[in-house]
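Visitor: model this:
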Amino acid sequence: MKLTKYIFSISIIALCSCHSVGEILEVKNNTPKNVILLIGDGTGLSQVSSAFYFKETAPNYGRFKHIGLINTSSSREDVTDSAAGATAFACGVKTYNGAIGVADDSTAVVSLVEIVSPLQIKTGVISTSSLTHATPASFLAHALSRNFDEEIAADMVETNIDFLAGGGIKFFNKRKDGRNLFDTLASKSFKIDTTALGDFESIKSSSKVAYILEEKHMPAIAKGRGDFLPNATELGIQFLNKNKSNFFLMVEGSQIDWGGHANDSDYLISELIDFDNAIGKALDFAKRDGNTLVIVTADHETGGFTLAAKTKTRENGKEYSDYSEVEGIFSTSGHSATLIPVFAYGPGAEEFMGVYQNNEIFHKILKVTNWKPNN
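Guide: Residues are numbered from 1 along each chain as shown. Okay, here's the model as predicted:
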């Protein structure tokens, strides 16, 4: 009898533990009404792993149960860049490196933002780079080259986007053609702020909002950016969902990639942890809401980053590997072709398991949401 009670007690403890650790989601709807796509630029598995070693609190990456892998190669190269990688997510096609919202033959292809806006689905884009940079641009513009910042900005203001947060002031109001695109945004009912991220109370009565806060890119987290990314993510969700509207939101942690290019592990890890905090904001909302799909992935890996045993030196001058401590090391200052993890949470999450091409993310989103282009 005592043994039976013991086994029963252990079983109950185990079940409760699984529920609290795994955060089992009680899905209210099998078809997600909202999608939050978070892209950690340059984030491979080692970058993700760094959160488990260097973050002082439990990483939000650990909250996912549905995980897959994507091949990120572009249409012409084994190693993609951010423009081709983001265009695959935004438009569902493989294209050449440097392409923004155009196919391999240079023709414009419709983006998720353009597909869902006519369906009365609210849309938002957030980035720690300029909004004209490769990843956000691929959701908002069509250009033959990622270097055409002014052309990209002009395209963006014609898109029916509802919430913007990032950098890039100079591409909107200090242009070679003399145009002030802030006037265009204002004519489209945007509340524009170029000074600081506000709070929900200050924007809840606005129909559209654009926070464009730096001349070019937002500063690094180590240089004073603060909690811009997680706060913008939370604010964007509040704004887009304020009338219980359905929405699509893309959030980019841009500078994880830049830490990889610089072979600067401190830069990379601090940006990765900041991105993980933004993931937490998305997951917290999805857990409460029950109708929101959260997808976290990356366009490619940068730096050939590895978490290795820390190299130390003995008293006799000989180096050795200390297996009790890890450090970040790099094999390149460029991108790599390693497969990239995909994490999904919420209704439709199981669709994102397996191994597949990066442009399938786009098609899987349309499949699970049943969002269909208006013909």
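
Visitor: so where's the protein uncertain?
Guide: 1-29, 375 (pLDDT under 70).

Visitor: 80 instead?
Guide: 1-29, 373-375 (pLDDT under 80).

Visitor: for it, which strand is longest?
Guide: strand 319-329 (DSSP state E).

Visitor: ok, now how distant is the closest residue to Ile203 other than its chain neighbours from Ser130?
Guide: Excluding the flanking residues, the one nearest Ile203 by C-beta to C-beta, 6 or more residues apart in numbering is Val209, at 5.0 Å. (C-beta placed from N, C-alpha, C; glycine too.) Separation of Val209 from Ser130 (C-beta to C-beta, to the nearest Å) stands at 18 Å.

Visitor: also Ala88?
Guide: 21 Å.

Visitor: the residue nearest to Ile203 should be in a strand, yeah?
Guide: Yes. Assigned with DSSP: H, G, I helix; E, B strand; the rest coil, Val209 falls within a strand.

Visitor: shouldn't it be in contact with Leu164?
Guide: Yes. In terms of C-beta atoms under 8 Å, Val209 counts as a neighbour of Leu164; the distance is 7.2 Å.

Visitor: ok, Lys188 - contacts?
Guide: Going by C-beta atoms under 8 Å, 6 or more residues apart in numbering, Lys188 touches 157, 208.

Visitor: now do 6 Å
Guide: By C-beta atoms under 6 Å, 6 or more residues apart in numbering, the contact set of Lys188 is empty.

Visitor: distance of it relative to Asp155?
Guide: 14 Å.

Visitor: Ile161: how many residues sit nearby?
Guide: By other C-beta atoms under 10 Å, 24 other residues sit near Ile161.

Visitor: that one: what secondary structure?
Guide: Put simply, Ile161 is coil when judged by three-state DSSP.

Visitor: what about the strands in the stretch 151-300 of the chain?
Guide: All strands of the stretch 151-300 of the chain, identified by DSSP state E, counting those that start in this stretch, fall at 163-167, 190-193, 208-212, 247-253, 292-297.

Visitor: now distance to Asn180 and mean neighbour count too, for the ones you listed, in TSV please.
Guide: Formatted as TSV, the strands of the stretch 151-300 of the chain follow (distance: least, C-beta to C-beta, whole Å; neighbours: other C-beta atoms under 10 Å):
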stretch	distance to Asn180	mean neighbour count
strand 163-167	16	26
strand 190-193	11	17
strand 208-212	12	24
strand 247-253	26	28
strand 292-297	36	27
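
Visitor: same list (these) but as a markdown table, adding distance to Phe239.
Guide: A markdown table is the format used below for the strands of the stretch 151-300 of the chain (distance: least, C-beta to C-beta, whole Å):
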| stretch | distance to Phe239 |
| --- | --- |
| strand 163-167 | 5 |
| strand 190-193 | 10 |
| strand 208-212 | 6 |
| strand 247-253 | 9 |
| strand 292-297 | 15 |
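
Visitor: among the ones you listed, which comes closest to Asn277?
Guide: Among the strands of the stretch 151-300 of the chain, the nearest to Asn277 by C-beta to C-beta is strand 247-253 (9.6 Å).

Visitor: centre of the chain to the closest one, how far?
Guide: Once both centres are worked out by C-alpha atoms, centre = their mean, to the nearest Å, strand 247-253 turns out to sit 6 Å from its chain's centre.
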